[in-house]
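**Student:** Starting from these lines, generate the structure:
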Amino acid sequence: MSLPNDTCQINFVSRQEIDTSKYDGCIDNAKNSLIYGFSWYLDGVCEDWACLILNDYEAVCPLPLRRKYILTYVFLPPWVQQLGVFYTKPITEEIFQLFLKRIPKNIRFIDIFLNAQNNFPTNRSTVRINYIKNLKSVDPFSAGYSKGRKSAVNQAIKNGLYCKNLDHSEDLIELHRRFYTKGQLRSERELKKLTELVEVLKTKDKVDILGVYDRDKNLIGGAVFTKHHNRVTYLFSVQSADGRKKQALSFLIDYALHFYGQKFEIFDFEGSMNKKIASFFKSFGVEEEHYFHYRSSYTQLFQEIVKTK
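**Tutor:** Residues are numbered from 1 along each chain as shown. From the prediction side, this is the model:
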């Protein structure tokens, strides 16, 4: 049953004023719960954030905030794919629109990805594509793999690759620094945020760090996976030049699908709109999950101004 529109009171609340217990309870119990929404996750990746709260935390919409010059704007921080409105009871399109209208007028620039269940298009939103695999609907997990992907996994097995759990993310981040070039390379600030986030996730038992090794015990690839409810998310991955030759990431994802398929329902590839990456993900027999990119009318102009300063 949806929440009735006439019982809706939506308030804008700063991070300091949020009742963290009630807020995280809403995220955890939300019908569209995602790990990115938790207070401790946002605290780790945002300089500041606020929240729109429906009634007594029946629905919440976290708003990551950044300040530039005298302006405050909403943006999508690193290591977060989707936010938007999270709800414990279904909301109508009218309530969703009310959330957007309750964003304070002094926040004129908004650039954020909504979650896949906020399926309410506006004239300021565009569709993006995520890729997921339902781990409970395939047997074997390689069902749907392209011929080329099956061949790559078999090649990796012949190369003697194997996976093992890592205690920390630093070795993977160092591989990223060494083998990724400009355009692919994450900023040092983003990598520092990832290191700190992984440590927080470890305290919550919400993360696995898997390394891929060759038969000579060299680390040639790996990934960070977050875990929340029935969903595993492929948050960060890397491979060395030798890892590319030996099909490290094909092997890793195949391993992960089998490993997580015993306990979880959804494997979330986290994107991508990049054609090359999307093609790689599609080769694992995935499904499309659509979500919206919402931007205020002046956001693009604001971004161009910032670039020139």
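**Student:** which residue packs closest to Asp19, ignoring adjacent ones?
**Tutor:** In this structure, Asp19 finds its nearest non-sequential neighbour in Tyr57, 7.0 Å apart by C-beta to C-beta, 6 or more residues apart in numbering. For the C-beta atoms, the positions are set from N, CA and C on the backbone; glycine is no exception.
**Student:** Am I right that that neighbour is in contact with Thr20?
**Tutor:** No. Counting by C-beta atoms under 8 Å, Tyr57 sits too far from Thr20 to count as a contact (10.5 Å).
**Student:** Can you pick out the residue with more neighbours from the two?
**Tutor:** Taking neighbours as other C-beta atoms under 10 Å, Tyr57 and Thr20 compare with Tyr57 leading, 20 against 12.
**Student:** burial count for Cys61?
**Tutor:** The local packing of Cys61 (other C-beta under 10 Å) involves 25 other residues.
**Student:** What residues does the residue nearest to Asp19 make contact with?
**Tutor:** 19, 22-23, 25-26 (C-beta atoms under 8 Å, 6 or more residues apart in numbering).
**Student:** Could you check how far it is from Ser296?
**Tutor:** Per C-beta to C-beta, to the nearest Å, Tyr57 is found 26 Å from Ser296.
**Student:** Leu52 now?
**Tutor:** Leu52 is 15 Å from Ser296, by C-beta to C-beta.
**Student:** quick one: which of the two has more around it?
**Tutor:** Leu52 (21 against 18).
**Student:** Leaving out the residues flanking it, which one is nearest to the more buried one?
**Tutor:** Leaving aside its sequence neighbours, Leu52 sits nearest to Cys61 (C-beta to C-beta, 6+ apart; 4.2 Å).
**Student:** go on, Leu197?
**Tutor:** Nearest one to Leu197, counting by C-beta to C-beta, 6+ apart, is Gly44 at 4.5 Å.
**Student:** In three-state terms, label that neighbour for me.
**Tutor:** helix (DSSP: H, G, I helix; E, B strand; the rest coil).
**Student:** how about it, what does it touch?
**Tutor:** Contacts of Gly44 (C-beta under 8 Å, 6+ apart): 193, 196-197, 200.
**Student:** wait, what's in contact with Phe267?
**Tutor:** Counting by C-beta under 8 Å, 6+ apart, Phe267 touches 132-133, 135, 231-232, 234, 256-257, 260-261.
**Student:** Make JSON lines out of those and add distance to Arg15 and neighbour count.
**Tutor:** Formatted as JSON lines, the contacts of Phe267 follow (distance: C-beta to C-beta, whole Å; neighbours: other C-beta atoms under 10 Å):
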{"residue": "Ile132", "distance to Arg15": "30", "neighbour count": "19"}
{"residue": "Lys133", "distance to Arg15": "35", "neighbour count": "24"}
{"residue": "Leu135", "distance to Arg15": "35", "neighbour count": "21"}
{"residue": "Arg231", "distance to Arg15": "25", "neighbour count": "18"}
{"residue": "Val232", "distance to Arg15": "28", "neighbour count": "24"}
{"residue": "Tyr234", "distance to Arg15": "28", "neighbour count": "20"}
{"residue": "Ala256", "distance to Arg15": "34", "neighbour count": "19"}
{"residue": "Leu257", "distance to Arg15": "37", "neighbour count": "21"}
{"residue": "Tyr260", "distance to Arg15": "33", "neighbour count": "20"}
{"residue": "Gly261", "distance to Arg15": "37", "neighbour count": "19"}
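**Student:** mind listing which of the residues you listed are in helices?
**Tutor:** 256-257, 260 (DSSP state H).
**Student:** and of the residues you listed, the nearest to Ala30?
**Tutor:** Distances from Ala30 to the ones in helices among the contacts of Phe267, taken as C-beta to C-beta, are shortest for Tyr260 (21.7 Å).
**Student:** The closest residue to that closest one other than its chain neighbours and Ser21, how far apart?
**Tutor:** Spatial nearest neighbour of Tyr260, excluding adjacent residues (C-beta to C-beta, 6+ apart): Val232 at 4.6 Å. To Ser21, Val232 is 26 Å away according to C-beta to C-beta.
**Student:** pretty sure Val74 is touching Ile103, no?
**Tutor:** Yes. Val74 lies in contact with Ile103 (C-beta under 8 Å); the separation is 7.3 Å.
**Student:** any shared contact partners between the two?
**Tutor:** Contacts common to Val74 and Ile103, judged by C-beta under 8 Å, 6+ apart, are 63, 110.
**Student:** More neighbours: which of the two?
**Tutor:** Val74 (23 against 18).
**Student:** What count of nearby residues applies to the closest residue to Leu114 other than its chain neighbours?
**Tutor:** In space, and not counting its chain neighbours, Leu114 is closest to Gly84: 3.4 Å by C-beta to C-beta, 6+ apart. Other residues near Gly84 come to 24 when the count uses other C-beta under 10 Å.
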